[in-house]
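# next come a sequence and a model predicted from it.
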2 protein chains.
Amino acid sequence: MDIGTAPQPWLSDAPWAALEAKFSRYLALSDAERDCLASWQAPARVMPRRRDLVREGNDVACVYLLCRGIVSRYRVLPDGRRQILGFGLPGDVIGFPSCSLARAAASVCCITESEVAAIPLEQFASTLTRFPRIAAALFWIAARETALAQERLVTLGRRGAEERVAYFFLELCALLHKGRPRDGERIAFPLTQEIIADTLGLSTPHANRTLRRLRDQRLLALDGQEAILLDARGLIALASFDPAHFAAMPIPGL
Amino acid sequence: MDIGTAPQPWLSDAPWAALEAKFSRYLALSDAERDCLASWQAPARVMPRRRDLVREGNDVACVYLLCRGIVSRYRVLPDGRRQILGFGLPGDVIGFPSCSLARAAASVCCITESEVAAIPLEQFASTLTRFPRIAAALFWIAARETALAQERLVTLGRRGAEERVAYFFLELCALLHKGRPRDGERIAFPLTQEIIADTLGLSTPHANRTLRRLRDQRLLALDGQEAILLDARGLIALASFDPAHFAAMPIPGL
DNA sequence: CGTAGTCTTGATTTCCGTCAATCGGGGTGG
DNA sequence: CCACCCCGATTGACGGAAATCAAGACTACG
């Protein structure tokens, strides 16, 4: 089954590249801008799996740059029900734009062991004023994130379980490879079924059964730490997935 | 029953005040800034009920300032299922930040007759560069909107029907009055049950039944064009509603 | 070899959607 | 002025989807 050939961005050997790569998709960085981004990554800490990086309700003093690993943003209701709001991948700035709130609206938890650099809010803010192009790019990225959240609203509100799961893998694939999913696409997949369930608003057993149904239909396969989109076309049709919603736009003013 | 005493911001006689009021909550406007905002509102058009202001997939050429009325942003799946993503009230800039995408990701529809002013994208962009404080305020407002969308994700993913409906009215109340809901609070309510259902991911009959159950529990009453929160405390407990998530933060740099 | 976490499966119950019919008010045209 | 009609609210019967509860299997790892 050719284990280990899937790209695993969250286990990258060159974590510092992720941030630059993300910005380079939007603009050509000047040397000063590059230096500034590099300075963010200096004091990276290693966080173990399952450790919370941010706890809901706490004061916001930093944003975090994720250098390696994968994290989830989530909220829990008083009785313990949990809803995952989204994921952070290497190069993502965690806590933006929610740093515009005094207290964290959601918690952030490390799904895999992760490497994060804390950026004090003052340093972050001063970067935004000194480098307006970086501010613009961050805003652009945040706007895209908002669009993704809206698509997830459609998923939770109006799609059934099979559609949700299909959509979930297609979204993940689009986020990782930045392209339209193709048949046989393999994606690294370090997420438990409980995480899938809490992302999609399902119970863990039902998420499991739904995965099985997709496997029986030869749409999707799971193999250890990776997922395979056996029939991308079928998944797209099943989920009413529209790749256009994931296209990243260039920033007009460059 | 004292009809007509509820505030109806979307029927305001002084629509131009809404935009200023919204900004004034974040910063003290200079004369130049005030003039700029005023210039946005010049060529307002009247749109009838049910008319689409923006259609999903169309090119984005304008943002719209909503002067009077109430609009919904929504997406529909190929088979007709509809999910409402959020509402626009007077003073809201419709199509921001989604104007950062080439094509509209969602449609916008007038729920009541509305008055809107189209702002060409170039004019809007030039305003943002000439008046950075206005840009900052808009960004702040957008960030708050994102926080609301995340709370709705929790609602759709993890709350049951009664909790969703209770949450819906509490959110609406918080948005309109900008304060913690109180017992007996009356809010103007021009929304049909179909709109409630499509917002909350429920079927119309089930939304109706759920409303009835809340009425039977003396938590909530509907009376023509207004809703009454009979037992705000009960609704808050039922929905696990946290008013802190609706608090607007002042902008740090003023 | 034992333990903890995850995956898997079954039986049962609950919630919610679907379909269909009725009701009621406000507008409209004859 | 009145009959009609459309839209929205309402209710009931029924079926299906998903949650819950519970138990067991597999795997990685100490």
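Looks like it arrived, so ask away.

# any stretches of the stretch 1-150 of chain A with poor pLDDT?
Counting by pLDDT under 70, the stretch 1-150 of chain A shows low-confidence ranges at A:1-16.

# how about the helices of it, start to end?
A:16-24, A:31-40, A:121-130, A:132-158 (DSSP state H, counting those that start in this stretch).

# I'd like those helices as a markdown table, with distance to DNA strand D and mean neighbour count appended.
Bear in mind the C-beta positions are built from the backbone N, C-alpha and C, glycine included. What follows is the helices of the stretch 1-150 of chain A, written out as a markdown table (distance: least, CB to the nearest atom of the strand, whole Å; neighbours: other CB atoms under 10 Å in any protein chain shown):
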| stretch | distance to DNA strand D | mean neighbour count |
| --- | --- | --- |
| helix A:16-24 | 24 | 18 |
| helix A:31-40 | 31 | 14 |
| helix A:121-130 | 36 | 15 |
| helix A:132-158 | 10 | 20 |
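
# which parts of chain A sit against DNA strand C?
Within chain A, the positions near DNA strand C by CB under 7 Å from any atom of the strand are A:192-194, A:204-205, A:208-209, A:211-212, A:222.

# of those residues, buried ones?
Among the residues of chain A next to DNA strand C, those classed as buried by 16 or more other CB atoms under 10 Å in any protein chain shown are A:193, A:211.

# off-centre distance for stretch A:216-226?
The gap between the average C-alpha position of stretch A:216-226 and the chain average comes to 21 Å, counting by CA atoms, centre = their mean, to the nearest Å.

# how about stretch A:103-118?
For stretch A:103-118 - counting by CA atoms, centre = their mean - the centre lies 12 Å from the chain centre.

# repeat that for stretch A:151-159.
Relative to its chain's centre, stretch A:151-159 lies at 17 Å (CA atoms, centre = their mean).

# who touches that stretch?
With CB atoms under 8 Å, 6 or more residues apart in numbering or on different chains as the contact definition, stretch A:151-159 has outside contacts at A:86, A:163-164, A:167-168, A:171, A:200-201, A:239-240, A:245, B:75, B:77, B:81-83, B:85, B:105, B:149, B:152-153, B:156-157, B:198, B:200-201.

# the same query, at a cut-off of 6 Å, please.
With CB atoms under 6 Å, 6 or more residues apart in numbering or on different chains as the contact definition, stretch A:151-159 has outside contacts at A:164, A:167, A:201, A:245, B:75, B:81, B:83, B:85, B:156-157, B:201.

# if I look at the closest residue to DNA strand D within the stretch 1-150 of chain A, how far off is A:A161?
The nearest approach of the stretch 1-150 of chain A to DNA strand D comes at A:R81, 7.5 Å away (CB to the nearest atom of the strand). Distance check for A:R81 against A:A161: by CB to CB, to the nearest Å, it reads 17 Å.

# over to A:V154?
A:V154 sits 15 Å away from A:A161 when distances are taken as CB to CB.

# could you dump the residues of chain A next to DNA strand C to JSON lines with secondary structure and pLDDT?
JSON lines is the format used below for these (DSSP: H, G, I helix; E, B strand; the rest coil; pLDDT from 0 to 100):
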{"residue": "A:T192", "secondary structure": "coil", "pLDDT": "97"}
{"residue": "A:Q193", "secondary structure": "helix", "pLDDT": "98"}
{"residue": "A:E194", "secondary structure": "helix", "pLDDT": "98"}
{"residue": "A:T204", "secondary structure": "helix", "pLDDT": "98"}
{"residue": "A:P205", "secondary structure": "helix", "pLDDT": "98"}
{"residue": "A:N208", "secondary structure": "helix", "pLDDT": "98"}
{"residue": "A:R209", "secondary structure": "helix", "pLDDT": "98"}
{"residue": "A:L211", "secondary structure": "helix", "pLDDT": "98"}
{"residue": "A:R212", "secondary structure": "helix", "pLDDT": "98"}
{"residue": "A:L222", "secondary structure": "strand", "pLDDT": "95"}
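
# ok, of the residues of chain A next to DNA strand C, which one's closest to B:A142?
Of all the residues of chain A next to DNA strand C, the one sitting nearest B:A142 is A:E194; the distance, using CB to CB, is 32.2 Å.

# let me see the contact set for the closest one.
Residues near A:E194 by CB under 6 Å, 6+ apart: A:T204.

# same question for the one 10 residues further on.
When the contact criterion is CB under 6 Å, 6+ apart, the partners of A:T204 are A:193-194, A:197.

# and for it, nearest residue in space, chain neighbours not counted?
Here the nearest residue to A:T204 in space, its sequence neighbours aside, is A:A197; by CB to CB, 6 or more residues apart in numbering or on different chains that works out to 4.6 Å.

# give me the element the one you found is part of.
Here A:A197 sits within helix A:193-200, counting by DSSP states H and E.

# relative to the whole chain's centre, how far out is that helix?
When C-alpha coordinates are averaged (CA atoms, centre = their mean), helix A:193-200 and its chain have centres 14 Å apart.

# ok and that helix relative to helix B:132-158, angle-wise?
Compare the direction of helix A:193-200 with that of helix B:132-158 by axes from the mean of the first three to the mean of the last three CA atoms, to 10 degrees and you get 120 degrees.

# with only the CA atoms kept, save helix A:193-200 in CSV.
This file holds the C-alpha atoms of helix A:193-200, laid out as CSV (Å, rounded to 0.1, in the frame of the first residue of the first chain):
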residue,chain,number,x,y,z
GLN,A,193,-12.9,9.5,14.5
GLU,A,194,-13.9,11.3,17.6
ILE,A,195,-12.4,14.4,16.1
ILE,A,196,-14.2,13.9,12.9
ALA,A,197,-17.4,13.4,14.8
ASP,A,198,-16.9,16.6,16.9
THR,A,199,-16.2,18.6,13.7
LEU,A,200,-19.2,17.4,11.9
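
# buried set for that helix?
Counting neighbours by 16+ other CB under 10 Å, one finds that the buried residues in helix A:193-200 are A:193, A:195-200.

# in space, what's closest to A:P250 - neighbours in sequence excluded?
By the measure of CB to CB, 6+ apart, the closest residue to A:P250 outside its immediate chain neighbours is A:Y26, 6.6 Å from it.

# tell me, how many residues neighbour that neighbour?
19 (other CB atoms under 10 Å in any protein chain shown).

# could you do A:G160 as well?
11.

# would a markdown table of the helices of the stretch 1-150 of chain A with distance to A:G57 be doable?
Formatted as a markdown table, the helices of the stretch 1-150 of chain A follow (distance: least, CB to CB, whole Å):
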| stretch | distance to A:G57 |
| --- | --- |
| helix A:16-24 | 28 |
| helix A:31-40 | 26 |
| helix A:121-130 | 17 |
| helix A:132-158 | 21 |
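
# the residue lying closest to A:K178 once chain neighbours are set aside - how many residues pack around it?
With CB to CB, 6+ apart as the measure, A:A248 is the residue that lies nearest to A:K178, at 7.4 Å, once sequence neighbours are left out. Burial of A:A248, expressed as a neighbour count using other CB under 10 Å, amounts to 13.

# separation between A:A248 and B:G160?
37 Å.

# where does the stretch 51-200 of chain A get nearest to chain B, residue-wise?
Distances between the stretch 51-200 of chain A and chain B by CB to the nearest CB are smallest at A:G157, namely 3.2 Å.
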